[in-house]
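Undergrad: turn this into a structure:
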Amino acid sequence: MENKNTSVKLNFLMNAILTISAFIFPLITFPYVSRILLPEGTGKVSFATSVVTYFALFAQLGIPTYGIRACAKVRDNKEKLTRTVQEIFIINIVMSLITYIVFFLVLNIVPRMQADKTLFVITSSTILFNAIGMDWLYKGLEKYTYITIRSIIFKFIALLAMFMFVHQKSDYIVYGGISIFAGSASNICNLLNVKKYIQIKPIGKYNIKQHMRPILIFFAMSCATTIYTNLDTVMLGFMKTDMDVGYYNAAVKIKNILLGIVTSLGTVLLPRASYYIENDYMEEFRRITQKAIKFVFLISIPLTVYFILYAKEGILFLSGNAYSKAILPMQVIMPTLIFIGLTNIMGIQILVPLGREKIVLYSEIAGAIVDLFINILLIPRMAATGAAIGTLIAELAVWIVQFVALRYDIIEAYKKVKYFAIILGIIIASMLSIWIKLFRLGSFITLVLTAIVFFGTYGVTLIIAKEPLVNEIVEQILKKILKKNR
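TA: A predicted model of the protein is given here:
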């Protein structure tokens, strides 16, 4: 089992690098783009992306999650893997063609979409890229080194393109195209590389039917999730203005960057969890589950508190003075980092590998219903802040349903979290960093100094309090340093 643990560490490292690149890319581009396009321009792109996400959802069905599990189960048998991949790929391509037909019909009927027809057409290319990319295969095989390198290269190309081609407010369409390129164009590499892992030649005698039921269950889960994660932006776009979408997008952009950090461990553990359950390594399964829950609490709570305290500096630095109305929505939406981090582990890492996908589906349906009603009530009066409240309560609802369903299995993991050490660390860190705001050093300098003091103090407090996971990480780092110095 040692090589498996080493593999998890490598995968986590690669996914951490991928997460950092996903953090750095918008950190560099968004301050530049938001100041040129202003809330209206970024709002247009965000609205188009959110609408197209619904079409992409139907094209993908539940394949992104189901494909990982299905490939992980047969990854040691090339013939079975080839058959599985080809069968899933056929389903994906057929659904993508049907989706494109419906998309272009809707595009020519709905006036709100016709106003930015070119932007919607460009954004819809994600449907094609998702289909040919087969990202689920590479994740199922745990090829995180490849995924990371590929992604960073295309993000760097997109970064250069952003500064070369986005110069005025009317360039929002170009910005939309480059954003799609950054996130999806690397899927072409996946298509070209796939022959390394499976046979390209069609096997024939496909059993498509065996995949449909689990794919549809995962689709229902994805559907519920996508509805409430994109519902706010879509409803804002239809009920309010592109400006309001722009404000909300600025808040969500920061939240999503941070969310990548919080959920990074759960992403790489899904194929490993499925493998452990398939081979009846239940003790290993419980061990990584407890570690993942602890990791989420240790990371998500300080990030939430820090970006509530310094929301103004974060928004002004990343987006500029034109986005001051995004500060309150950002503060409201920040606690979702905790809930999403936990449900990502409980849902994707525990319930899905155990074959209890229906619980995840029910939780997400609950979230979607809650979000819809709160948005209807609050968006007309509170705009972006109302949408943020809807998202927060929806994520809380998802967590409640999953926790109740898993309470006997998960309670031990929750009990092992050192809550006192976390809270003490945050209180001390907040007290030592908050006074820096009094010097009015500017958004960027304030963020840098407060982040160093806040997270430095928090980390030191956890080490002194002997938090087990933090101590384990520190010990591993010290061992590696001592080995190098010998």
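
Undergrad: could you report the pLDDT at the residue positioned nearest the centre of the chain?
TA: The centroid of the chain falls nearest to residue 260 when counting by C-alpha atoms, centre = their mean (5.2 Å). Per-residue confidence at residue 260 stands at 76 (pLDDT).

Undergrad: and it, what element?
TA: helix 242-262 (DSSP states H and E).

Undergrad: for that helix, packing partners?
TA: Packed against helix 242-262 by the contact rule (3 or more C-beta pairs under 8 Å, 6 or more residues apart in numbering; DSSP states H and E) you find helix 2-60, helix 209-239, helix 282-309, helix 311-318, helix 327-333, helix 336-343, helix 357-415. For every residue, glycine as well, the C-beta is placed using N, CA and C.

Undergrad: JSON lines for those, including distance to residue 114 and mean pLDDT?
TA: As requested, the helices and strands packed on helix 242-262 are exported to JSON lines (distance: least, C-beta to C-beta, whole Å; pLDDT from 0 to 100):
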{"stretch": "helix 2-60", "distance to residue 114": "12", "mean pLDDT": "76"}
{"stretch": "helix 209-239", "distance to residue 114": "14", "mean pLDDT": "79"}
{"stretch": "helix 282-309", "distance to residue 114": "37", "mean pLDDT": "86"}
{"stretch": "helix 311-318", "distance to residue 114": "31", "mean pLDDT": "89"}
{"stretch": "helix 327-333", "distance to residue 114": "29", "mean pLDDT": "95"}
{"stretch": "helix 336-343", "distance to residue 114": "33", "mean pLDDT": "92"}
{"stretch": "helix 357-415", "distance to residue 114": "23", "mean pLDDT": "90"}
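
Undergrad: of these, which is nearest residue 68?
TA: With C-beta to C-beta as the criterion, residue 68 lies closest to helix 209-239 of those, at 10.0 Å.

Undergrad: how far does that closest one sit from the chain's center?
TA: Chain-centre distance of helix 209-239: 15 Å, with C-alpha atoms, centre = their mean, to the nearest Å.

Undergrad: make 19 the starting number, not 1.
TA: That works, and once the first residue is 19, the last one we named lands at helix 227-257.

Undergrad: what residues sit buried inside that helix?
TA: Within helix 227-257, the residues scored as buried using 16 or more other C-beta atoms under 10 Å are 229, 232-233, 235-255.

Undergrad: stretch 95-111 too?
TA: For stretch 95-111, by 16+ other C-beta under 10 Å, it's 99, 100, 101, 102, 103, 104, 105, 106, 107, 109, 110.

Undergrad: and for it, what's in contact with it?
TA: Stretch 95-111 is contacted by residues 77-79, 81, 84-85, 88-89, 92-93, 148-149, 152, 154-155, 212, 215-217, 220-221, 224-226, 228-230, 233 when judged by C-beta atoms under 8 Å, 6 or more residues apart in numbering.

Undergrad: buried only: go through the residues you listed for me.
TA: Judged by 16+ other C-beta under 10 Å, buried ones among these: 77-79, 81, 84-85, 88-89, 92-93, 148-149, 152, 154-155, 212, 215-216, 229, 233.

Undergrad: among these, which are located in helices?
TA: Taking DSSP state H as the definition of helices, those contribute 77-78, 81, 84-85, 88-89, 148-149, 154-155, 229, 233.

Undergrad: and which of the residues you listed is nearest residue 365?
TA: Taking these together and measuring to residue 365 by C-beta to C-beta, the closest member is residue 84, at 13.9 Å.

Undergrad: so the closest one makes contact with residue 236?
TA: Yes - taking C-beta atoms under 8 Å as the definition, residue 84 is a contact partner of residue 236 at 4.4 Å.

Undergrad: that older thread, of all the helices and strands packed on helix 260-280, which one is nearest residue 182?
TA: Smallest distance to residue 182 across the helices and strands packed on helix 260-280 (C-beta to C-beta): 11.6 Å, for helix 20-78.

Undergrad: next, the angle helix 329-336 makes with the helix holding residue 278.
TA: Calculated by axes from the mean of the first three to the mean of the last three C-alpha atoms, to 10 degrees, helix 260-280 forms an angle of 100 degrees with helix 329-336.

Undergrad: do I have it right that residue 397 meets residue 405?
TA: Yes - counting by C-beta under 8 Å, residue 405 is a contact partner of residue 397 at 5.7 Å.

Undergrad: shared neighbours of these two, anything?
TA: By C-beta under 8 Å, 6+ apart, the residues touching both residue 397 and residue 405 are 250, 253, 254.

Undergrad: can I get whichever strand or helix holds residue 441 as PDB, trimmed to CA atoms?
TA: Element membership for residue 441, per DSSP H and E: helix 437-451. Extracted C-alpha coordinates of helix 437-451, given in PDB (Å, rounded to 0.1, in the frame of the first residue of the first chain):
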ATOM      1  CA  TYR A 437     -11.800  23.000  16.900                       C
ATOM      2  CA  PHE A 438     -10.400  24.800  19.800                       C
ATOM      3  CA  ALA A 439      -6.900  25.100  18.200                       C
ATOM      4  CA  ILE A 440      -8.500  26.400  14.900                       C
ATOM      5  CA  ILE A 441     -10.700  29.000  16.700                       C
ATOM      6  CA  LEU A 442      -7.800  30.100  19.000                       C
ATOM      7  CA  GLY A 443      -5.500  30.500  16.000                       C
ATOM      8  CA  ILE A 444      -8.100  32.600  14.100                       C
ATOM      9  CA  ILE A 445      -8.800  34.900  17.100                       C
ATOM     10  CA  ILE A 446      -5.100  35.600  17.600                       C
ATOM     11  CA  ALA A 447      -4.400  36.000  13.900                       C
ATOM     12  CA  SER A 448      -7.400  38.400  13.500                       C
ATOM     13  CA  MET A 449      -6.200  40.500  16.500                       C
ATOM     14  CA  LEU A 450      -2.600  40.800  15.300                       C
ATOM     15  CA  SER A 451      -3.500  41.600  11.600                       C
END
